[in-house]
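>>> A predicted structure for the sequence below; I have some questions about it.
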Amino acid sequence: MNHRLILSFLLVTLIFSCTPSPEKQAEKLIEKSINAHELSKKWADVASIKFKKKKRILDENGAVDSEYEQWLEFRLKPYYEGKISWEKDSVLHVANFNGSKMSYQMGGNAIQNEGFLRAKKSEIDAAYFAFAQPWNLMDENASLMYEGQKTLEDGKKAEAVRADYGSDSDIRWFYFDSVSAQVVANELHDKNLSLIENTSYDESTGFLLPKEQKSYRIDDARKKIFIQAEYLYSDYEVTFE
């Protein structure tokens, strides 16, 4: 092997050895996004957070199928707790996870069915996941992979991260603005394919938190088919350590 070939081989080896792995690139991007969403406060200092969430579920023709408001409360320290309360047909519903046990009250009556309670715990976790991005993306149980820059359907450039939570039905893609690193959307591949866009943010708490989100059914080519839900967040209240 002549000196020129040896030099070329060494240069290629050096380039690849200095290039961060896709896993490290994903972590670095999420860290950058966390900095972008922490305007004047630190998420690590948050003890609890409460807010109102208005849901509007739409059918394939754009007609409103259902609409209701919920109050959501999450305690992050010293351990995770979650509570969702809402009123339907003048009956108060309260789903509560106290850190170790799940309970559900409907009009003051306790529901004891274990399968039902597990489903409600999943709803609480999903509600937390929906608003607490990008902080919850550093979940130690998730396998993260940077997938490069993508062009979303609206033409916006975004950096993509694939997150695998351990099963085929629990894989998501997260999209970050290529300039600001703010979370602009996430994509869920479950029974149906869905894209959830952050269309506006709330800055009142010292954090950049969701204000409006829209959920779309998408096809295998990641093209929007129809809008299936709208979410409006308001009345954020944050307490710190």
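On my side now, so go ahead.
>>> just grab the bridge partners of His93 for me.
The partner list for His93 in beta bridges (DSSP bridges) reads Trp86, Met106.
>>> alpha carbons only: can I get the helix ranked longest in the chain in PDB?
For the chain, the helix with the greatest residue count under DSSP state H is helix 114-131. Taking Å, rounded to 0.1, in the frame of the first residue of the first chain, the C-alpha atoms of helix 114-131 are listed here in PDB:
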ATOM      1  CA  GLU A 114     -58.600  -3.300  37.400                       C
ATOM      2  CA  GLY A 115     -58.600  -3.200  33.600                       C
ATOM      3  CA  PHE A 116     -60.500   0.100  33.600                       C
ATOM      4  CA  LEU A 117     -58.100   1.600  36.100                       C
ATOM      5  CA  ARG A 118     -55.100   0.500  34.000                       C
ATOM      6  CA  ALA A 119     -56.600   2.200  31.000                       C
ATOM      7  CA  LYS A 120     -57.100   5.400  33.000                       C
ATOM      8  CA  LYS A 121     -53.500   5.300  34.200                       C
ATOM      9  CA  SER A 122     -52.400   5.100  30.600                       C
ATOM     10  CA  GLU A 123     -54.500   8.100  29.800                       C
ATOM     11  CA  ILE A 124     -52.800  10.100  32.600                       C
ATOM     12  CA  ASP A 125     -49.400   9.100  31.300                       C
ATOM     13  CA  ALA A 126     -50.400  10.000  27.700                       C
ATOM     14  CA  ALA A 127     -51.600  13.400  28.800                       C
ATOM     15  CA  TYR A 128     -48.300  14.100  30.600                       C
ATOM     16  CA  PHE A 129     -46.400  12.900  27.600                       C
ATOM     17  CA  ALA A 130     -48.400  15.200  25.200                       C
ATOM     18  CA  PHE A 131     -47.400  18.400  26.900                       C
END
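>>> where exactly do the strands run in the protein?
Secondary structure of the chain (DSSP state E): strands at 46-58, 64-75, 81-88, 91-97, 102-106, 109-110, 143-151, 157-164, 171-177, 183-189, 193-202, 209-218, 224-240.
>>> could you dump those to CSV with distance to Ala127?
Every residue, glycine included, has its C-beta placed from N, CA and C. Output for these, formatted as CSV (distance: least, Cβ to Cβ, whole Å):
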stretch, distance to Ala127
strand 46-58, 7
strand 64-75, 6
strand 81-88, 6
strand 91-97, 10
strand 102-106, 14
strand 109-110, 21
strand 143-151, 22
strand 157-164, 18
strand 171-177, 15
strand 183-189, 14
strand 193-202, 13
strand 209-218, 11
strand 224-240, 10
